[in-house]
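Chemist: predicted model follows, preceded by the sequence.
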Amino acid sequence: MTSIGSMRYAKGHGTGNDFIILPDVEDRLDLHADLVRRLCDRHTGLGADGVLRVVRTGPPGHGEPGIAAWFMDYRNADGSIAEMCGNGIRVFARYLIDSGLAAGPQIAIATRAGIRLVWQVDRDTFSVDMGPARAEGTSSALIGGRWCAGLAVSVGNPHLACVVDEPPAGFDLSVPPEVDASIFPAGANVEVLALTGGDEVEMRVHERGSGETLSCGTGAVAAAVAAAVATGRWPGDGTGTWRVRVPGGLLQVAPSPTASLLTGPAVLVAEGEINADWLTEQLAAAPTSA
């Protein structure tokens, strides 16, 4: 474990899905799960749905040098490691550009789900090539005591998107939905969505490792796939766009089996420095196995 004494941070969000951004360009920080949990605590920490650690690529597993200069090390609020985050990667790209670490408007970013291209549409709007979305059969989840049928969708991470015929607001997502472990051995993000007319859906989500959030980028892609399947438009020609309304705002998704496109806002709220004494205490509390 390396003690760094103090650390700069930034806070940002994409449609209300909020993140702590930790610039760790030289990959010096041992970001153990307890530290992530304490940072994300909304009462005793900075508060967030997850942490985005900014690392220059190079070390094994951090991407392909020369193709993606930056690796997005994303952690859920409970400290668990996640493959990909659609809202987070837009915020990550906004941070790189605003801080002068990348020129833009197009940036290649390495993630655990592979390299993703992100580009700036305007000052606050970013699009990301989310890679292929795959419909992987049907399953069901127990959501707040109610069984819901859904479509298993992979967007680099696992989802179960449940199309319902009532407003999603009526479902209890305060506790983790129960999913079929034989299909989702590592758990899944669960979306509840309703078709609201035209090419628009309304969605709520419970993210594994973070709980119910105001938005989920990969979940919006999964919801768009489920909507397209439900309306007989999957896989289509890859040109259809869905408006996905989440509690935190509006996302646009063009789902595709080859390259799904997600567009939405990326907002930076604040920058500062974590108190050195507090950070030293958290680093010292790292598990011996970390």
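Modeler: That came in fine, so what should we check first? Because the structure is predicted, anything quoted here is derived from the model rather than measured.
Chemist: and stretch 93-104, which residues are buried?
Modeler: 93-98, 102 (16 or more other C-beta atoms under 10 Å). Every C-beta, even on glycine, is put in place using the N, C-alpha and C of the backbone.
Chemist: in helices, which of these appear?
Modeler: The helices, defined by DSSP state H, take in 93-98 from those.
Chemist: residue 31: which of these is nearest?
Modeler: The closest of those to residue 31 turns out to be residue 95 (C-beta to C-beta; 16.5 Å).
Chemist: quick one: contacts for the closest one?
Modeler: 10, 12, 21, 23, 52, 54, 101, 268 (C-beta atoms under 8 Å, 6 or more residues apart in numbering).
Chemist: my read: the fourth one touches residue 51, true?
Modeler: In this case it means residue 23. No - using C-beta atoms under 8 Å, residue 23 is not in contact with residue 51, being 11.7 Å away.
Chemist: buried residues, stretch 151-167. List them.
Modeler: For stretch 151-167, the neighbour count (16+ other C-beta under 10 Å) marks 151-164 as buried.
Chemist: how far out from the middle of the chain is stretch 143-152?
Modeler: 21 Å (C-alpha atoms, centre = their mean, to the nearest Å).
Chemist: when residue 23 and residue 51 are compared, which one has more neighbours?
Modeler: residue 51 (24 against 19; other C-beta atoms under 10 Å).
Chemist: nearest residue to the more buried one other than its sequence neighbours?
Modeler: Distances taken as C-beta to C-beta, 6 or more residues apart in numbering place residue 75 nearest to residue 51, at 4.5 Å, with adjacent residues excluded.
Chemist: host element of the one you found?
Modeler: strand 70-76 (DSSP states H and E).
Chemist: show me what that strand is packed against.
Modeler: helix 33-40, strand 50-56, helix 86-98, strand 106-111 (3 or more C-beta pairs under 8 Å, 6 or more residues apart in numbering; DSSP states H and E).
Chemist: how about a cut-off of 7 Å?
Modeler: Packed against strand 70-76 by the contact rule (3 or more C-beta pairs under 7 Å, 6 or more residues apart in numbering; DSSP states H and E) you find strand 50-56, helix 86-98, strand 106-111.
Chemist: contacts only, for the nearest residue to residue 14 once chain neighbours are set aside.
Modeler: Distances taken as C-beta to C-beta, 6+ apart put residue 87 closest to residue 14, at 3.4 Å, once the chain neighbours are dropped. With contact set as C-beta atoms under 7 Å, 6 or more residues apart in numbering, residue 87 has these partners: 14-15, 17, 215-217.
Chemist: in strands only, show me these.
Modeler: Using DSSP state E, 14, 17 are the members of the contacts of residue 87 that sit in strands.
Chemist: return the closest of the contacts of residue 87 with respect to residue 223.
Modeler: When the contacts of residue 87 are compared against residue 223 (criterion: C-beta to C-beta), the nearest one is residue 216, at 8.8 Å.
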